[in-house]
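Asks: Next comes the sequence, and after it the predicted model I'd like to discuss.
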Amino acid sequence: MSRSIFRTAGVAAAVATALLVSACQQEGAPPPMIVQTTSALDQGMTALRMGDYGRAAAWCRQAANEIAPSPQAFACLGDAERGMGNRAGAEAAWLAYLERVPNDVARRHALARFYMEDGRYPQAQNQLDRVSQMGLGTAETFFLVAEIFRVQGQCQPALGSYQQSLRLDANYAPSYEGMQRAQREICQRMPAPAPRPQPRVQDRMTGGGAVLRPGQW
């Protein structure tokens, strides 16, 4: 019995000693390395969805500065910059994105609208022309072109572009509404064509060398 008790006590002491040694070793060990399991872009996109534009811009800028950045990092950065009211930063980031993904029609349309908000119609037209040059024009593309003409008071070009939009999508409601607005706001203000001159009727006619009055033939 006594031997069993001594043997049990010895085992317990050995375990306690081992635990004490382990604790001492852990106190002097360096802190464990924290491995980031989520990319900077993912962090930025999450912050963007939450409306935390400052945090989104910081993460997306970090992602854009990586050695081989994802194009989406520039789109994310542009959206975050716009959310913070930095329009110049947003424009620069979106243009950097489109250099890498030139056929993103939705993003070009968004950039054209962005320019139109600022009244920068030539820049907006350039983006829409690029879409058409790539053969990717949609009903929205020509609707935006028509809107540029409309706000500049150009009736016929506006109507023509609205009609082109509807040829691509007969159910595209914004073009119907835009056409009605153009006809109401700018086309009715166009000056009417000058009337054709009427033939001039003279009260005296000449015949031979004598002056004749009507009825004196």
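Replies: Cool, got the structure.
Asks: name the element residue 85 belongs to?
Replies: Following DSSP states H and E, one finds residue 85 outside all helices and strands.
Asks: and if you look at the one 4 residues further on?
Replies: Residue 89 is part of helix 87-100, with elements assigned from DSSP H and E.
Asks: Which elements pack onto that helix?
Replies: helix 71-83, helix 105-117 (3 or more CB pairs under 8 Å, 6 or more residues apart in numbering; DSSP states H and E). Heads up, the C-betas are built off the backbone N, CA and C, glycines and all.
Asks: what's the angle between the last one and helix 71-83?
Replies: In terms of direction (axes from the mean of the first three to the mean of the last three CA atoms, to 10 degrees), helix 105-117 departs from helix 71-83 by 20 degrees.
Asks: per-domain residue ranges of this structure.
Replies: The record's domain parsing of the chain by automatic domain parsing lists 37-101, 102-189.
Asks: Give me the below-cutoff pLDDT ranges for the protein.
Replies: 1-37, 189-217 (pLDDT under 70).
Asks: and if we set it to 90?
Replies: 1-38, 188-217 (pLDDT under 90).
Asks: Show me the helices in it, by range?
Replies: 2-28, 40-49, 53-64, 71-83, 87-100, 105-117, 121-133, 139-151, 155-168, 173-182 (DSSP state H).
Asks: Including distance to residue 188, could those go into CSV?
Replies: As requested, these are exported to CSV (distance: least, CB to CB, whole Å):
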stretch, distance to residue 188
helix 2-28, 85
helix 40-49, 45
helix 53-64, 44
helix 71-83, 37
helix 87-100, 35
helix 105-117, 23
helix 121-133, 23
helix 139-151, 13
helix 155-168, 9
helix 173-182, 10
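Asks: would you list those helices in a markdown table and tack on mean neighbour count?
Replies: Listed next are those as a markdown table, based on neighbours: other CB atoms under 10 Å:
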| stretch | mean neighbour count |
| --- | --- |
| helix 2-28 | 9 |
| helix 40-49 | 18 |
| helix 53-64 | 21 |
| helix 71-83 | 23 |
| helix 87-100 | 17 |
| helix 105-117 | 18 |
| helix 121-133 | 17 |
| helix 139-151 | 22 |
| helix 155-168 | 19 |
| helix 173-182 | 17 |
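Asks: Any chance of JSON lines for the helices and strands packed on helix 87-100, columns distance to residue 137?
Replies: Below are the helices and strands packed on helix 87-100 laid out as JSON lines (distance: least, CB to CB, whole Å):
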{"stretch": "helix 71-83", "distance to residue 137": "22"}
{"stretch": "helix 105-117", "distance to residue 137": "8"}
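Asks: nearest to residue 142, of these?
Replies: helix 105-117 (11.1 Å; CB to CB).
Asks: contacts for the closest one?
Replies: Applying CB atoms under 8 Å, 6 or more residues apart in numbering, the external contacts of helix 105-117 come out as 75, 82, 87, 90-91, 94-95, 97-98, 101, 121, 123-125, 127-128, 130-131, 136, 138, 140-141, 144, 147-148, 151.
Asks: just stretch 121-140 next, same as before
Replies: 102-103, 105, 108-109, 111-113, 115-116, 141, 144-145, 148, 151-152, 165-166, 168-169, 172, 174-175.
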